[in-house]
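In: let me see the structure of the following:
(2 chains)
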Protein chains: 2
Amino acid sequence: MIKIKDIGEFGLIDRITRKPKNKNNVLVGIGDDAAVVKPGKHLQVLTTDCLVEGDHFTREWFTPLQIGMKAIEINVSDIAAMGAIPSYALVSLGFPGDLDVEFVDEMYSGMWKVCDKYNIGIIGGNMTHSTQIFISITLLGEVEKKNLVLRSGAEIGDFIFVSGYLGNGRAGLRLFQENIEGFDGVKKRYLEPKARLDFALKNASSVNSMIDVSDGLAGDIKHICEQSGCGAVIYKDKIPITDEVKEIAEILGEDGYDYALYGGEDFELLYTVSPDKVSKIDGYLVGEITKDKKIKLFLNGKEQQIMDYSYDHFINPV
Amino acid sequence: MIKIKDIGEFGLIDRITRKPKNKNNVLVGIGDDAAVVKPGKHLQVLTTDCLVEGDHFTREWFTPLQIGMKAIEINVSDIAAMGAIPSYALVSLGFPGDLDVEFVDEMYSGMWKVCDKYNIGIIGGNMTHSTQIFISITLLGEVEKKNLVLRSGAEIGDFIFVSGYLGNGRAGLRLFQENIEGFDGVKKRYLEPKARLDFALKNASSVNSMIDVSDGLAGDIKHICEQSGCGAVIYKDKIPITDEVKEIAEILGEDGYDYALYGGEDFELLYTVSPDKVSKIDGYLVGEITKDKKIKLFLNGKEQQIMDYSYDHFINPV
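Out: Next comes the predicted model:
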């Protein structure tokens, strides 16, 4: 096996440099001090998110292809949550010199696969030596002003929706952590999350606020409420979770709804909608925006305890 | 001392979120899924560079303030080498939970200090848990098409210039590695490198190609030659190095010119100029662009051996 230290940074750059497809606005891609692109017509959105070995993935659970795919998908999820269309990515990587070059090749294949799906051009990057593998992606996108959706746009009386089933992210993680066989579908959704870009673009113009569910429903609705100056009521029994997620939680003596509320890494969308637009909207109604600035959880009309908690890698490393 | 794990990611975000100054084009900064900016009129340039503890800095040698300053300066250096003006930064950080919060505060003070100097707005970022500290910056900038300078623009017969003294980066590193007292000026230049942005903007319209000297003169002229399809002759005795750098090299039984040629981290600019524009140009003439695609080194009319080498963290970790 060829190791990274055998070919060095420049050998590696040659292997992973590929001209972005369908990107006529890219004047200069990888290979100069900086990339050069023509300015877009619309507003530009910019986000950055990172995967670190040990915290966000392990090489036991994830293939290099899946790591590359996930690194791009989680950033697309942030762009989607703005109602925007992704355009360009810059990739900042760190890995040890004794890593197989094949690992990097495969990881890039994963990034390219997802970038091709969304028509994203990888226009720049940086590679550096580190003891722990990390992949930090900066993703840019474009949005027409009328489609821009912020966390701060929720209004009192809005209904709260999610775009799909929650709890898969945490359920998948728990399956790997506890070495449980089966549940391949849940495992795959954890290993290969998909950003809800199409869903976001279809519904963006009808929603008042939006965020992607990366910290868990409880934490993410809190972000919306804090920025919108409001509170929320969540109806626990309305939270869409699959029977499989319930079963996994039961096996482990845990609660599937806790996976949805506090688990994170679902990469579904959480959004609020004015009552008059509810008929236009796809998704699952899970609650309402309130004037009272607290986040409350109800089950069958009774208030339940809700934790002020969302996933925090510093406080709860895997 | 408060540790990062005591306050978590969100506690940390509150501490380091600051509204960008003089940035009317920033509609949304830190705090949403992505930042939102108005598109610029001119071409956009984008670069990303990273500092990793152990490879690019140690906490023994660098203060947190200096780490933050350097993280921004090295990216500004790349933007400057395009003839562009920096505008926005996104900051992706990894650190262990038992790091003092004060470290992050100080590091951000360093980033803000340099960002204020260049009028850069930090509009987004990400913080994650890692065992090794890393700071990955994506820096954007803007350039009028007529001022854009690429590595690929060198022409046969161009004179090769550098914007200032070389070898300081490596000399400073060697002082710390070998625990040598004194030479405070050289140490400071290593700890607090400055991008040559003003120099670049003043001279960009008169040069054919440009790169910043981050890998060493030999490696960086090679980048220009490879992309321009030409070669170069470097006159060793013309390379500007200080008496201090020579002295440091001598103490260590090394060659100060090797520091300049193969050391890197000088963050001066290396550029090529047509003979008819030489009179307009600032800097030090160090060689000529040739048709013969080799890189040659001459001293007093005699060809010297030049190594096909530039600093590579994978092959030569600190």
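In: my guess is A:Glu155 meets A:Ser228, correct?
Out: Yes: applying C-beta atoms under 8 Å as the test, A:Glu155 and A:Ser228 come out as touching, 7.4 Å apart. For glycine as for every other residue, the C-beta is placed from the backbone atoms N, C-alpha and C.
In: now the common contact residues for these two.
Out: Overlap of the contact sets of A:Glu155 and A:Ser228 (by C-beta atoms under 8 Å, 6 or more residues apart in numbering or on different chains) consists of A:Ile289.
In: of these two, who's got more company?
Out: Legend: neighbour count by other C-beta atoms under 10 Å in any protein chain shown for A:Glu155 and A:Ser228, higher for A:Ser228 (22 against 15).
In: what residues are up against that one?
Out: A:151-155, A:209, A:289.
In: 6 Å instead, please
Out: A:152, A:154 (C-beta atoms under 6 Å, 6 or more residues apart in numbering or on different chains).
In: any idea how far it is from B:Arg170?
Out: Separation of A:Ser228 from B:Arg170 (C-beta to C-beta, to the nearest Å) stands at 53 Å.
In: ditto for A:Phe176
Out: Distance, A:Phe176 to B:Arg170, by C-beta to C-beta: 45 Å.
In: quick check on those two: which one has the bigger neighbour count.
Out: B:Arg170 (27 against 16).
In: and for the more buried one, nearest residue in space, chain neighbours not counted?
Out: Nearest residue to B:Arg170 in three dimensions, chain neighbours excluded: B:Gly263, at 2.6 Å (C-beta to C-beta, 6 or more residues apart in numbering or on different chains).
In: burial of A:Ile67, as a residue count?
Out: Neighbourhood size, A:Ile67 [other C-beta under 10 Å]: 24.
In: which residues are contacting the helix or strand harbouring it?
Out: Assigned by DSSP states H and E, A:Ile67 falls within helix A:64-80. With contacts defined as C-beta under 6 Å, 6+ apart, helix A:64-80 is touched by A:45, A:47, A:49, A:51, A:57, A:86, A:103, A:106-107, A:109-111, A:114-115, A:118, A:135, A:137, A:139, A:141, A:191-193, A:195-197, A:200, A:212, A:267, B:33-34.
In: tell me which parts of the stretch 1-150 of chain A are close to chain B?
Out: A:4-5, A:8-9, A:32-37, A:39-40, A:43-50, A:52, A:55, A:78-79, A:81-82, A:90, A:92, A:94, A:97, A:124, A:126, A:128-132, A:136, A:138, A:150 (C-beta under 6 Å from any C-beta of the partner chain).
In: of the residues you listed, buried ones?
Out: Buried members of the residues of the stretch 1-150 of chain A next to chain B, counted by 16 or more other C-beta atoms under 10 Å in any protein chain shown: A:4-5, A:8-9, A:32-37, A:40, A:43-50, A:52, A:55, A:78-79, A:81-82, A:90, A:92, A:94, A:97, A:124, A:126, A:128-132, A:136, A:138, A:150.
In: how about low-confidence regions in the stretch 1-150 of chain A?
Out: Residues of the stretch 1-150 of chain A meeting the criterion pLDDT under 70: A:22.
In: please enumerate the helices of it.
Out: Assigned by DSSP state H, counting those that start in this stretch, the stretch 1-150 of chain A shows helices spanning A:4-16, A:64-80, A:101-118.
In: skip the chain neighbours and tell me the closest residue to whichever residue of the stretch 151-300 of chain A sits closest to chain B.
Out: Using C-beta to the nearest C-beta, the single residue of the stretch 151-300 of chain A nearest to chain B is A:Arg151, 5.1 Å away. Counting by C-beta to C-beta, 6+ apart, A:Gln227 is the residue found nearest to A:Arg151 once chain neighbours are left out, at 4.4 Å.
In: try A:Trp61
Out: Nearest residue to A:Trp61 in three dimensions, chain neighbours excluded: A:Phe176, at 4.9 Å (C-beta to C-beta, 6+ apart).
In: centroid-nearest residue for chain A?
Out: The residue lying closest to the centre of chain A (C-alpha atoms, centre = their mean) is A:Ile74, at 3.1 Å.
In: quick revisit: helix, strand, or coil at the residue nearest to A:Trp61?
Out: Secondary structure, DSSP: H, G, I helix; E, B strand; the rest coil: A:Phe176 is helix.
In: could I get the buried residue list for stretch A:152-172?
Out: Result for stretch A:152-172 [16+ other C-beta under 10 Å]: buried residues A:152-154, A:158-172.
In: avg pLDDT for it?
Out: On average, the pLDDT along stretch A:152-172 is 98.
In: what about it, start to end distance?
Out: Using C-alpha to C-alpha, to the nearest Å, the end-to-end distance of stretch A:152-172 comes out at 31 Å.
In: repeat for stretch A:158-176
Out: One end of stretch A:158-176 to the other measures 37 Å (C-alpha to C-alpha).
In: neighbouring contacts of it?
Out: A:61, A:183, A:186-187, A:189-190, A:196, A:199, A:208, A:217, A:240-242, A:245, A:248, A:252, A:256, A:259-260, A:263-266, A:268-274, A:278, A:283-289.
In: list buried residues within these.
Out: For the contacts of stretch A:158-176, buried by 16+ other C-beta under 10 Å: A:61, A:183, A:186-187, A:189-190, A:196, A:199, A:208, A:217, A:240-242, A:245, A:248, A:252, A:256, A:259-260, A:263-266, A:268-274, A:283, A:286-289.
In: all strands for chain A, in order.
Out: In chain A, the strands defined using DSSP state E lie at A:26-28, A:35-37, A:43-52, A:85-95, A:121-129, A:134-143, A:159-162, A:209-212, A:231-235, A:269-273, A:284-290, A:295-299, A:302-304.
In: what's the angle from the fifth one to helix A:64-80?
Out: Right, strand A:121-129. Here the directions of strand A:121-129 and helix A:64-80 differ by 120 degrees (axes from the mean of the first three to the mean of the last three C-alpha atoms, to 10 degrees).
In: partner strands of strand A:121-129, parallel or antiparallel?
Out: Within its sheet, strand A:121-129 is paired with strand A:85-95 (parallel), according to DSSP bridges.
In: same deal with the first one?
Out: Strand pairing for strand A:26-28, using DSSP bridges, gives strand A:35-37 (antiparallel).
In: so what touches the strand it pairs with?
Out: With contact meaning C-beta under 6 Å, 6+ apart, strand A:35-37 is reached by A:25-29, A:123-124, B:43-46.
In: got it, and stretch A:104-118?
Out: Applying C-beta under 6 Å, 6+ apart, the external contacts of stretch A:104-118 come out as A:16, A:64-65, A:67-69, A:72-73, A:76, A:86, A:122.
In: out of those residues, what pair is the most spread apart?
Out: A:Pro64 and A:Pro86 (22.0 Å; C-beta to C-beta).
In: who has more neighbours, the two?
Out: Neighbours of A:Pro64 and A:Pro86, each counted by other C-beta under 10 Å, are more numerous for A:Pro86; the result is 27 against 21.
In: and that one, what are its bridge partners?
Out: Beta-bridge pairing for A:Pro86 (DSSP bridges): A:Gly141.
In: hmm, it is touching A:Ile122, no?
Out: No: assessed by C-beta atoms under 6 Å, A:Pro86 is found out of contact with A:Ile122, at 11.4 Å.
In: got a ChimeraX select line for the buried ones in the contacts of stretch A:104-118?
Out: Filtering the contacts of stretch A:104-118 down to the buried ones (16+ other C-beta under 10 Å) takes a single ChimeraX command:
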select /A:16,64,65,67,68,69,72,73,76,86,122
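In: pick the one among the contacts of stretch A:104-118 closest to B:Pro20.
Out: After measuring the contacts of stretch A:104-118 against B:Pro20 - C-beta to C-beta - the closest member comes out as A:Pro86, at 22.9 Å.
In: so what's A:Ser209 up against?
Out: Shown in contact with A:Ser209 (C-beta under 6 Å, 6+ apart): A:151, A:153-154, A:224, A:272.
In: try 10 Å
Out: Each residue near A:Ser209 by C-beta atoms under 10 Å, 6 or more residues apart in numbering or on different chains is listed here: A:81, A:149-155, A:158, A:160, A:221, A:223-225, A:227-228, A:230, A:270-273, A:289, B:32.
In: helices of the stretch 151-300 of chain A, start to end?
Out: Counting by DSSP H, counting those that start in this stretch, residue ranges of the helices within the stretch 151-300 of chain A are A:168-177, A:184-191, A:197-203, A:217-228, A:243-251, A:256-262.
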